[in-house]
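Participant: Could you work out the structure for the sequence below:
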Amino acid sequence: MTDPIADYLTRLRNAIGAKHRVVEIPASNLKKEITKILFEKGYILNYKFVDDGPQGTIKVALKYDMATKESAIKKLIRVSSPGLRQYTGYKDMPRVINGLGIAILSTSKGVMTDKEAAAQKIGGEVLCYVY
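Facilitator: Numbering: from 1, shown residues only. Okay, here's the model as predicted:
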């Protein structure tokens, strides 16, 4: 596997498309940070890190609307890839759906959202858009 973040986002996308409640994903530190951000921003219901084997797994409970059965995550878009990295400064931070969505960045201070990075006046690599 050359792009673990794209694999992570694809597993979430596929689980949402199949209306699964829980999805298991092989763990890594970057995936754990992205999962924490998705939980804090209300895109997923819950998550749990399971240490089984050398790598471990992340169990993600997906969030759906009770009435419409629609997922809280409408789209997951991978921006930066191993072949073409996308960087941004804090002054020209991307706005996802005019501020309604979030961009997840990998910065020198760790993984954070676009709003947190702009508040700390640091830029970084744009990993993905979530809305």
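Participant: what about the protein, any weak spots by pLDDT?
Facilitator: By pLDDT under 70, the low-scoring segments of the chain are 1.
Participant: any idea how far the spatially most central residue of the chain is from Glu125?
Facilitator: With distances taken as CA atoms, centre = their mean, the residue of the chain nearest its centroid is Ile34 (4.5 Å). From Ile34 over to Glu125 the distance is 13 Å, taken as CB to CB, to the nearest Å. (Each C-beta comes from the backbone N, C-alpha and C, glycine too.)
Participant: where do the helices sit along the protein?
Facilitator: Here the chain has its helices, by DSSP state H, at 4-17, 29-40, 114-119.
Participant: For the second one, name the packing helices and strands.
Facilitator: Contacting helix 29-40 under the criterion 3 or more CB pairs under 8 Å, 6 or more residues apart in numbering; DSSP states H and E are the following elements: helix 4-17, strand 44-50, strand 57-62, strand 102-107, strand 110-113, strand 124-130.
Participant: Contacts for it next, please.
Facilitator: 4-5, 8, 25, 44, 46-47, 49, 58, 60, 73, 102, 104, 106, 110-113, 127-128, 130 (CB atoms under 8 Å, 6 or more residues apart in numbering).
Participant: May I ask you to confirm that Glu24 is in contact with Lys59?
Facilitator: Yes. Counting by CB atoms under 8 Å, Lys59 is a contact partner of Glu24 at 5.5 Å.
Participant: isn't Leu62 right next to Val22, touching?
Facilitator: Yes. Counting by CB under 8 Å, Leu62 touches Val22, with 7.2 Å between them.
Participant: quick one, which of those two is more surrounded?
Facilitator: Between Leu62 and Val22, Leu62 has the larger neighbour count (other CB atoms under 10 Å), namely 19 against 13.
Participant: do you know how far that one is from Ser80?
Facilitator: From Leu62 to Ser80 the distance is 24 Å (CB to CB).
Participant: Please apply the same query to Tyr64.
Facilitator: Going from Tyr64 to Ser80 by CB to CB gives 29 Å.
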